[in-house]
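Sequence first, predicted model second:
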Protein chains: 2
Amino acid sequence: MGQVVSNMSMSLDGFIEDADGSVDQLFEWYTAGPVATESANVDLPWHQSEEDAEYVQGSVDDLGALIAGRRLFDIANGWNGAHPTGLPVFVVTHRVPTSQEWNHPDAPFTFVTDGVASAIAQAKAAAGDKDVVIASPNIAQQALDAGLLDVITVDLVPYLLGSGTPYFEKLASSPVRLDNPVIRPGNRATHLSYRVLR
Amino acid sequence: MGQVVSNMSMSLDGFIEDADGSVDQLFEWYTAGPVATESANVDLPWHQSEEDAEYVQGSVDDLGALIAGRRLFDIANGWNGAHPTGLPVFVVTHRVPTSQEWNHPDAPFTFVTDGVASAIAQAKAAAGDKDVVIASPNIAQQALDAGLLDVITVDLVPYLLGSGTPYFEKLASSPVRLDNPVIRPGNRATHLSYRVLR
């Protein structure tokens, strides 16, 4: 059975974007080595350390579906028509976009208007025995609060940003106890994978 | 030449104590294994995993002097007369305590009233070629802001606390770029040591 996993690049002081909304420092590890890897942005091809490239490839191999918030979908401009992994994306939103581009039956996007639990159920059905990855902090938080998040993955970045958006901003109940992490060192990120204990 | 190192146990979401001032979850790793180690508190003897005990012993071996804030000194009640490491402690404070207990010439405490830079200079002189460790977040922050902090050490604890006191609360300038960490896995803490890049 696949797992529901959240994933974010986070500064050592806990922020997933700085006060200006920039992720320049947090995404440094995507271009901090010689190994070319598939990128979500053709203008910014990824080239990573061997360790980071292996980590990304391993995550992609385990992946069956993605869940994104509407904000991420809009920032990424719908990944120009399809997510680079080629996988189905479930977009949690209050309003389904009217553009035919995103909304026709062959588009790899499903717009979910009845909440995070519904998006997770649909994504798990699509993913089969592979993982569902949540790539928006707000959605990850709601999944955690609802007891639907199995694993928290952090690409821990060697920067102090001082301020910005926290990964988990307002927990419904705390403390949340996690297991010891699986640790994968990289260049400009340390990859930590924590099972949520319930 | 020794280094100026800050050290704190921190939750994955960046807090060094919870909203109630408790460190119960953050200090779980001090008693999460079979190996007895020297503790700062006789009522709470430490017993750690082999990895954690080795990490603590290694840190103590490198240590020449400590810097604490007045709040930590008071909470610890002056470690009942001497820090368990047996090393000199430089306490940054606005007022020198009047109690003869702490203030007589043989007490292993030096009360520093002229600021963090002065405390660091005095502690470095006492430490010789060993490290100076700063164990109070407020002092660590001032040392970082003044360009006097060489290494940030984090015992990263697998909990989300949701709220509390951050390790680095208000940076004078950001971002602060750190080197890739030295990583030592433990039980209920992952020990990360980051060199501050300038």
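Happy to help now that I have it.

My read is that A:Val60 contacts A:Thr85, right?
Yes - A:Val60 lies in contact with A:Thr85 (CB atoms under 8 Å); the separation is 5.7 Å. C-beta here means a position set from N, CA and C on the backbone, and glycine is covered the same way.

Could you point out which residue ranges in chain A have low pLDDT?
Per-residue confidence for chain A (pLDDT under 70) gives these ranges: A:39-44.

shared neighbours, A:Val60 and A:Thr85?
Counting by CB atoms under 8 Å, 6 or more residues apart in numbering or on different chains, the common neighbours of A:Val60 and A:Thr85 are A:Glu38.

In terms of neighbours, single out the busier of the two.
A:Thr85 (18 against 15; other CB atoms under 10 Å in any protein chain shown).

any idea how far A:Tyr167 lies from A:Leu192?
For A:Tyr167, the distance to A:Leu192 equals 12 Å [CB to CB, to the nearest Å].

Look at the residue nearest to A:Val196 when sequence neighbours are not counted and say how many residues are nearby.
Closest residue to A:Val196 apart from its sequence neighbours, by CB to CB, 6 or more residues apart in numbering or on different chains: A:Leu149 at 5.6 Å. By the criterion of other CB under 10 Å, A:Leu149 has 25 neighbours.

ditto for A:Pro84
Neighbour count for A:Pro84, taken as other CB under 10 Å: 15.

Quick check on it: phi, psi?
As for A:Pro84, its main-chain torsions (degrees, to the nearest 10) stand at phi -60, psi -20.

The one 4 residues further on now?
Taking degrees, to the nearest 10, you get phi -70, psi 140 for the backbone angles of A:Pro88.

wait, it sits on A:Pro108?
Yes - the criterion here is CB under 8 Å, and A:Pro88 meets it with A:Pro108 at 5.5 Å.

still on that earlier bit, got any residues that touch both of A:Tyr167 and A:Leu192?
Residues touching both A:Tyr167 and A:Leu192 (CB under 8 Å, 6+ apart) are A:Val154.

residue nearest the centroid of chain A?
By CA atoms, centre = their mean, chain A has its centre lying nearest to A:Ala135, at 2.2 Å.

what residues are up against that one?
A:Ser6, A:Asn7, A:Met8, A:Leu66, A:Ile67, A:Ala68, A:Leu72.

The third one - how many residues pack around it?
The number of residues packed around A:Met8, counting by other CB under 10 Å, is 22.

Spell out which residues of chain A are next to chain B.
Applying CB under 8 Å from any CB of the partner chain, we find that chain A lies next to chain B at A:11-14, A:18, A:25, A:152, A:154, A:156, A:158-163, A:166-168, A:170-171, A:174-181, A:183, A:185, A:187-188, A:190, A:192, A:194.

Could you rerun that using 7 Å?
A:12-14, A:25, A:154, A:158-162, A:166-168, A:171, A:174-181, A:183, A:185, A:187-188, A:190, A:194 (CB under 7 Å from any CB of the partner chain).

Of these, select the buried ones using a PyMOL command.
Selecting only the buried entries of the residues of chain A next to chain B in PyMOL, with 16 or more other CB atoms under 10 Å in any protein chain shown as the criterion:
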select buried, chain A and resi 12+13+14+25+154+158+159+160+161+162+166+167+168+171+174+175+176+178+180+181+183+187+188+190+194
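
ok, A:Met10 - contacts?
A:Met10 makes contact with A:Ile16, A:Val154, A:Asp155, A:Leu156, A:Val157, A:Tyr167 under the criterion CB atoms under 7 Å, 6 or more residues apart in numbering or on different chains.

Alright, that wraps it up for me.
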